[in-house]
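# Test case, fold it:
(chains A, B and C)
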Amino acid sequence: MLDIKRIPIPALIGIVLTALFVLAAVFAPWIAPHGNGEIVGDVWEPMSAAHLLGTDNLGRDLLSRMIYGARITLFIAVLATALSFSLGAILGFSAAVFGGWFDTLLSRLVDLLMSIPTLIMGLVVLSVLPTNLVTLILVMGILDSTRVYRLSRAVAVDINVMDYVEAAKLRGEGSGWIIFREILPNALSPLVSELGLRFIYAVLFLSTLSFLGLGVQPPDADWGGMVKENKDGIVFGIAAALIPAGAIALLAISVNLVADWVLNRTTSLKGGRG
Amino acid sequence: MADTKAKLGQPKSGLLLDIRNLRIEATVFPPGEPPKDIVLVHDVSLTLEKGKVLGLIGESGAGKSTIGLSSMGYGRGGVRITGGEVILNGRDILKGGKDGFRKLRGREVCYVAQSAAAAFNPAHRLMDQVVEATLLHGTATRAEAEKRAVALFKKLSLPNPETIGERFPHQVSGGQLQRVMTAMALCSEPDLIVFDEPTTALDVTTQIDVLAAIKDAIRDTHVAALYITHDLAVVAQVSDEIMVLRHGRLVEWGGTRQIIKEPRQEYTNALVSVHEIEHQEQKPGTSPFLSVKNVTAAYGRSHIKVLKDVSVDIYPGQTLAVVGESGSGKSTLARAITGLLPPEQGTVTFDGRALANRLADRPKEDLRQLQMIYQMADVAMNPRQTVGTIIGRPLEFYFGMRGRERDRRVAELLDKIEMGKGFSDRYPAELSGGQKQRVCIARSLAAKPKLIICDEVTSALDPLVAHGILELLLELQKEENVAYLFITHDLATVKSIADSIAVMYRGEVVRYGPKGKVLSPPFDAYTDLLLSSVPEMEIGWLEKAIKGRRMASAGN
Amino acid sequence: MSSPILKLVAQRVALGILLLLAVSVLIFAGTQILPGDVAQAILGQSATPESLANLREQLGLNQPAYLRYFHWLGGVLTGDLGTAMSSGQDIATSIKGRLWNTLFLAFWAAIVAVPLAIILGLIAVRYRNGWVDKLISGLALASTSFPEFFIGYVLVYFFAVKWQIFPGISTVYDGMPFGERMQAIALPATALTLVVLAHMMRMTRAAILNVMQSAYVETAELKGLSAFNVIRKHAFPNAIAPIINVVMLNLAYLIVGVVVVEVIFVYPGMGQYLVDHVTKRDVPVVQAVGLIFAAVYISLNIIADIAAIVANPRLRHPK
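Numbers count the residues shown, from 1 in each chain, chains lettered A, B, ... in the order given. Take a look at the predicted model:
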């Protein structure tokens, strides 16, 4: 069913680039030419054969930092996405199927949380919480799960009123069959593409927090933190900060291309929900 | 307008529209394949004289709307006219370019759409929209145009013709909007009007009023018309000639009388005879197995009762048809019987004992005995399950059948619905409309029920396909001795399938009994209206029906 | 204006006020959710018992939370936002100038972004599925993937450092001449514009397409109206509400952008003020600024809804 030749070129580019980022993150210690905190040269050395991307504000090898940074960035973003997705999807589906006060309560709570921009709410909460990885993942995951909740609830409500679900109910099927055999297979394609978008959002959100100094704390650094470390060089014409910033953009575009393709492929599939 | 025509040198009683070898194509984008061009209309030719009405008839996909719109040089969504000539008032309009089209649209040719509710702009008052084309083409001043519009409203028997133009589209009912749209088309005094299924979306008792209004207006204004519909009986009332189309090709073209009385082509003959299934009514048995007694129901906590004190009986192996228009409560009756909408009062008894009101309280065995088939077969099947799974699930669920035993039974059922077992691996999206409905029938049969509730099962299908489904249902009834509760708005279908009939109107059963009795006089006022509104394939039926009516329809 | 509209609008406003009240509870609660207490978190593990007790006193932590909330809310409603812990300054006074700076920046970004987005959206619809549309869609996809600081620093790198057209740091002060002020905010305003432009354009395109594909537009075409008149008389009156909706929602999105952009350009606005005090864990300031951002965000959403209500002919002319 999945024929490589049938994948459109933009999606193919997206898949390859995303795979490269993931590989770099997973095998960071083996790929990186230098250690993460190792000082190997002068401050902000230009690109050279020894240091392919030059050095950073403390004279560390930028390429190595980038590779280790990929690891932290992806690690946190993946965990936060996983949290927001499982939380949002489970609650959203349950709200749609069970309805009643459970649905009303959750939906109003989500309305309330979404009436404040995520970044602002994140900043408010982070002003009192200790800055560590667990807090970061929890805050990102919970705040973002509101969007997943809305989508999965809407999708499930749509499917729940379809005649084939009514037919299953008339047959006497239990809620297990209805959720997992009737609703879930039909909700999967919009959710999978949303998964990509949520992941991008998690990467951007994390980078923004770190850039503002409220995310990953030194000496560790994700890409957003590396932008912060090197931003003072910009005024001297040193582009070191643009490299991690560009990496974030590239990763986001790649995932976007893949998500876009997944969405188009599944909606144009005639078996999809017309 | 007369001056323009004189300048063009047209004889008074000449040809208005002459379409020659019209070829229309469109580009389709099948998923995962390169886009390709398909031909929608294959070299169709037609002529229409001034003041005459030509009916274009065919099933969905026959290309009738596409041909109709080509007379205005218009193609919907990427549809292109790629060959032939469209000669209107003596000139080929396809050569006129965009400016040429603009000058003829709304002046020489006007359009009446199927859904007037969608075709009117919600932001403007009706009068502004009715006179817009007239003012645009400068054929009258605003005062003249409005006077003309009011006269047309009167002619089309709209209520309050002087003031209805001040209203907005959402303030006017569907049947009235359809007539306002006809007035809009007539207002600029065109030579030709394209009617695109103008009564299809209306209830049957409303349809007859609109149809009569349109017919009178056409006669009095001497406008020519292309009347597009899938209903031969409707088109027979308004047309001078009829053209039968199929898959974008001409099948037959002739005078109305010839087409409906002496069709020359087999396909036309099938269309003409489609309503005629001879079904001998069975005498009710000694005792009904399912009785609905004094059921009253409402949605939510609403005070408006959708069902009021409804009682009906169903006998083993027989068909009870429930007839009514939209809002009559006929589908709600099905929901009450299945337990989806627990009744507020009254009971449903089955085999001599009361059925639990709520679906959740019914034992599996009761659920098995009552099965349901829906109007829209494509949303009644899970698109992610194969036909094998869809039919096989009730076998697993009710009878615990597994593996080969189940597959054998699925194959048997597929055979019963006249589909091969090769279909078992297909997904619903890979089936045609009729095949989908057949699979739904097989799914309900798999449970070996005593009763199948059929909710408008044929109304979304083309006539010939619907005919096949009805024959299949009758056949299966004989073999399996299953009873049907057949819900429909179409009286022709009722005649072909029912043993007894319940006529519903505003939540109440107004007439109930064996078919022969319900369908013979004396009638109550509503049944009379309903019966007299069903178009018959007979020239002059419309005038007779309008004359003989005792009650005005409600939803016009 | 007939009464059902007034009623709906009044309802929507009342709902907004209720929501704002709930949000104030949420923001207040959000700063109280620590496992230990705020004073400990602010001062860290090495704090002496005396300094902890002092801070608790100062924050009123000895009172129950609901009393502190009502005290705080009462202050906010009378224009008293409290004092900043880190500097001891009155928060309302510090905010006044900064709020004006932020609104000034957001205003100019919106002035450029809104018409540009609508025009680009119209062009994309006009040449739908052509290369212009694809290019615009492609750029939109790319720019929704860009973090704000990427856009910001690329602008700084080229316009401030390489070509030296505009300053890379936006210093503004009271009494600054208008021209100089505009010069100073050129880059941050451009960055903000780029941040919201793509999204706004994509939504505008969708809103217009939705209207253009409706049956009444076909009716207008079949009356012989020119393409321009079809859009002016039939599409536009129905597209205006969805477009206002899109614009308002995206202006709300500007708020998020403004936080990051102000930090990049060291612009003395609300966003930078907020981030500074989050780092200093200055709870009263964070609460006050958070509430103001939320209020603006909610108000814009209400305006979007009201626009939709007022433009709906079904509500304007009831049966």
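
# in the stretch 51-200 of chain A, which spans are helices?
A:62-98, A:100-114, A:118-126, A:133-160, A:163-171, A:175-177, A:184-211 (DSSP state H, counting those that start in this stretch).

# mind giving me CSV with the ones you listed and columns for mean neighbour count, distance to C:Lys233 and mean pLDDT?
Yep, even glycine has a C-beta here, placed from its N, CA and C like the rest. Listed next are the helices of the stretch 51-200 of chain A as CSV, based on neighbours: other C-beta atoms under 10 Å in any protein chain shown; distance: least, C-beta to C-beta, whole Å; pLDDT from 0 to 100:
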stretch, mean neighbour count, distance to C:Lys233, mean pLDDT
helix A:62-98, 22, 42, 91
helix A:100-114, 14, 37, 90
helix A:118-126, 24, 41, 90
helix A:133-160, 20, 35, 91
helix A:163-171, 21, 40, 91
helix A:175-177, 12, 52, 85
helix A:184-211, 22, 37, 88
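
# Can you lay out those as JSON lines showing distance to B:Arg362?
Formatted as JSON lines, those follow (distance: least, C-beta to C-beta, whole Å):
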{"stretch": "helix A:62-98", "distance to B:Arg362": "20"}
{"stretch": "helix A:100-114", "distance to B:Arg362": "21"}
{"stretch": "helix A:118-126", "distance to B:Arg362": "47"}
{"stretch": "helix A:133-160", "distance to B:Arg362": "20"}
{"stretch": "helix A:163-171", "distance to B:Arg362": "10"}
{"stretch": "helix A:175-177", "distance to B:Arg362": "16"}
{"stretch": "helix A:184-211", "distance to B:Arg362": "26"}
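
# Flag every residue of the stretch 151-274 of chain A that's near chain C.
A:200, A:204, A:207-208, A:211-214, A:224, A:227, A:231, A:234-237, A:239, A:241-242, A:245-246, A:248-249, A:252-253, A:256-257, A:260 (C-beta under 8 Å from any C-beta of the partner chain).

# Just the ones in helices from those, please.
A:200, A:204, A:207-208, A:211, A:224, A:227, A:242, A:245-246, A:248-249, A:252-253, A:256-257, A:260 (DSSP state H).

# List only buried entries from those residues.
A:200, A:204, A:207-208, A:211, A:224, A:227, A:242, A:245-246, A:248-249, A:252-253, A:256-257, A:260 (16 or more other C-beta atoms under 10 Å in any protein chain shown).

# so C:Val25 is in which element?
helix C:3-30 (DSSP states H and E).

# That helix vs helix A:100-114, what angle?
Going by axes from the mean of the first three to the mean of the last three C-alpha atoms, to 10 degrees, helix C:3-30 is angled at 80 degrees with respect to helix A:100-114.

# quick check, helix C:3-30 touching chain A?
Yes. Using C-beta under 8 Å from any C-beta, helix C:3-30 reaches chain A at C:Leu19, C:Ala22, C:Val23, C:Leu26, C:Ile27, C:Gly30.

# for that helix, which positions count as buried?
So for helix C:3-30, counting by 16+ other C-beta under 10 Å, buried means C:5, C:8-9, C:12, C:16, C:19-20, C:23-24, C:26-28, C:30.

# Just checking the distance from it to the centre of its chain.
Per C-alpha atoms, centre = their mean, to the nearest Å, the displacement of helix C:3-30 from the mean C-alpha position of its chain is 18 Å.

# average pLDDT for it?
When pLDDT is averaged along helix C:3-30, the result is 88.

# what does the stretch 51-200 of chain A have sitting close to chain B?
A:162-164, A:166-167, A:169-173, A:181-182, A:185-186.

# Looking at those, which is nearest B:Leu48?
A:Asp163 (42.8 Å; C-beta to C-beta).

# For chain C, which segments count as strands?
Here chain C has no strands by DSSP state E.

# what's the pLDDT at the spatially most central residue of it?
Nearest to the geometric centre of chain C sits C:Ile255, at 2.7 Å (C-alpha atoms, centre = their mean). Looking at C:Ile255, its pLDDT stands at 78.

# cool, and the one 5 residues further on?
According to the per-residue confidence, C:Val260 scores 92 in pLDDT.

# With the one 5 residues further on instead?
pLDDT for C:Phe265: 92.

# With C:Gly60 instead?
69.

# just the strands in the stretch 301-450 of chain B please.
B:307-314, B:319-323, B:345-350, B:353-354, B:370-373 (DSSP state E, counting those that start in this stretch).

# between those, which one is nearest to chain A?
With C-beta to the nearest C-beta as the measure, strand B:370-373 is the member of the strands of the stretch 301-450 of chain B nearest chain A (5.8 Å).

# ok, the closest one: who's next to it in the sheet?
strand B:451-455 (parallel) (DSSP bridges).

# who touches the spatially most central residue of chain B in this structure?
The residue lying closest to the centre of chain B (C-alpha atoms, centre = their mean) is B:Thr200, at 5.1 Å. When contacts are counted by C-beta atoms under 8 Å, 6 or more residues apart in numbering or on different chains, B:Thr200 is found next to B:Gln114, B:Thr229, B:His230, B:Asp231.

# For chain C, see how far away the last one is.
Which is B:Asp231. Shown here: B:Asp231 relative to chain C, a distance of 21 Å by C-beta to the nearest C-beta, to the nearest Å.

# from what I can see that residue touches B:Pro535, true?
Yes. With contacts counted by C-beta atoms under 8 Å, B:Asp231 reaches B:Pro535, the gap being 6.7 Å.

# So between the two, which is more surrounded?
A count of neighbours by other C-beta atoms under 10 Å in any protein chain shown puts B:Pro535 above the other of B:Asp231 and B:Pro535, at 21 against 18.

# show me the contacts for that one.
B:Pro535 neighbours (C-beta under 8 Å, 6+ apart): B:Gln207, B:Ile208, B:Leu211, B:Asp231, B:Ala233, B:Val234, B:Ala236, B:Gln237, B:Trp541, B:Leu542.

# in the sheet, who's paired with the closest residue to B:Glu344 other than its chain neighbours?
Excluding the flanking residues, the one nearest B:Glu344 by C-beta to C-beta, 6 or more residues apart in numbering or on different chains is B:Thr296, at 5.2 Å. Assessed by DSSP bridges, B:Thr296 has beta-bridge partners B:Gln345.

# okay, now B:Thr296: neighbour count?
16.

# On the pLDDT front, check it for me.
90.

# before we move on, what about C:Gly75?
85.

# Kindly provide the distance from the residue nearest to the centre of chain C to C:Val261.
Distance, C:Ile255 to C:Val261, using C-beta to C-beta, to the nearest Å: 11 Å.

# do B:Leu15 as well
Where C:Val261 is concerned, B:Leu15 sits at a distance of 70 Å (C-beta to C-beta).
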